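**Q** Need a 3D model of the sequence below.
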Amino acid sequence: MASDKSFVEHIVEQIENAGIITYRKMFGEYAIYSDGKIVVLICDNQVFIKPTESGRAFIGDAVEALPYPGAKLNFLIEDGFEDREWFSELVRITAKELPAPKPKKKK
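**A** Have a look, this model is predicted:
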C-alpha cells in the first residue's frame, strides 16, 4: 500500500521549521529530507525516523519497526508527529547526528 501524498504534506508542514525540508517519492513511498539528509521515511502512511543515539535519548521509550521488508530498524513515531514542536526538535536532533550525504558521482 502506497502512502498518501496529503499525509506526507501534513508531516512536512509539522516539521517545516526543522531545517530545509524537502521530500521525494521513492518506490511508492516517501523520504523526507532535512538539510539534504534523509531523516524521515513515510511507508504505508506510517512515520519512521532514522535511529540515532540522540534521538533515542530524546524519545525515551522508542518503538522500533521495519519501514519496509529488508530495511533496517527505524523509530516508529505513532502519534508524536502531531506535536509540532516535539517532532521538529526530534528531526533537528536526528539530522544533526546523521552523516552528510555522499557527493554524487559525475557521469
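
**Q** now the helices for the protein?
**A** All helices of the chain, identified by DSSP state H, fall at 5-14, 53-59, 84-97.

**Q** Just name the most buried of those.
**A** helix 84-97 (a mean of 19; mean count of other Cβ atoms under 10 Å). Placement of C-beta: from N, CA and C, glycine included.

**Q** export that one as PDB, just CAs?
**A** Provided in PDB are the C-alpha atoms of helix 84-97 (Å, rounded to 0.1, in the frame of the first residue of the first chain):
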ATOM      1  CA  ARG A  84       4.800  20.000  16.000                       C
ATOM      2  CA  GLU A  85       7.400  21.300  18.500                       C
ATOM      3  CA  TRP A  86       8.300  17.900  19.800                       C
ATOM      4  CA  PHE A  87       8.600  16.300  16.400                       C
ATOM      5  CA  SER A  88      10.500  19.200  14.900                       C
ATOM      6  CA  GLU A  89      13.000  19.000  17.700                       C
ATOM      7  CA  LEU A  90      13.400  15.300  17.100                       C
ATOM      8  CA  VAL A  91      14.100  15.900  13.400                       C
ATOM      9  CA  ARG A  92      16.700  18.600  14.300                       C
ATOM     10  CA  ILE A  93      18.400  16.300  16.800                       C
ATOM     11  CA  THR A  94      18.400  13.400  14.300                       C
ATOM     12  CA  ALA A  95      19.600  15.400  11.300                       C
ATOM     13  CA  LYS A  96      22.500  16.900  13.400                       C
ATOM     14  CA  GLU A  97      23.800  13.400  14.200                       C
END
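
**Q** neighbouring contacts of it?
**A** 14-19, 34-35, 37, 39-40, 49-50, 52-55, 58-59, 77, 80-81 (Cβ atoms under 8 Å, 6 or more residues apart in numbering).

**Q** Could you pick out the buried ones from those?
**A** 14-15, 18-19, 34-35, 37, 39-40, 49-50, 52, 55, 58-59, 77, 81 (16 or more other Cβ atoms under 10 Å).

**Q** about what we covered before: out of the helices of the chain, which comes closest to Tyr23?
**A** Checking the helices of the chain against Tyr23 by Cβ to Cβ gives helix 5-14 as the closest, at 5.8 Å.
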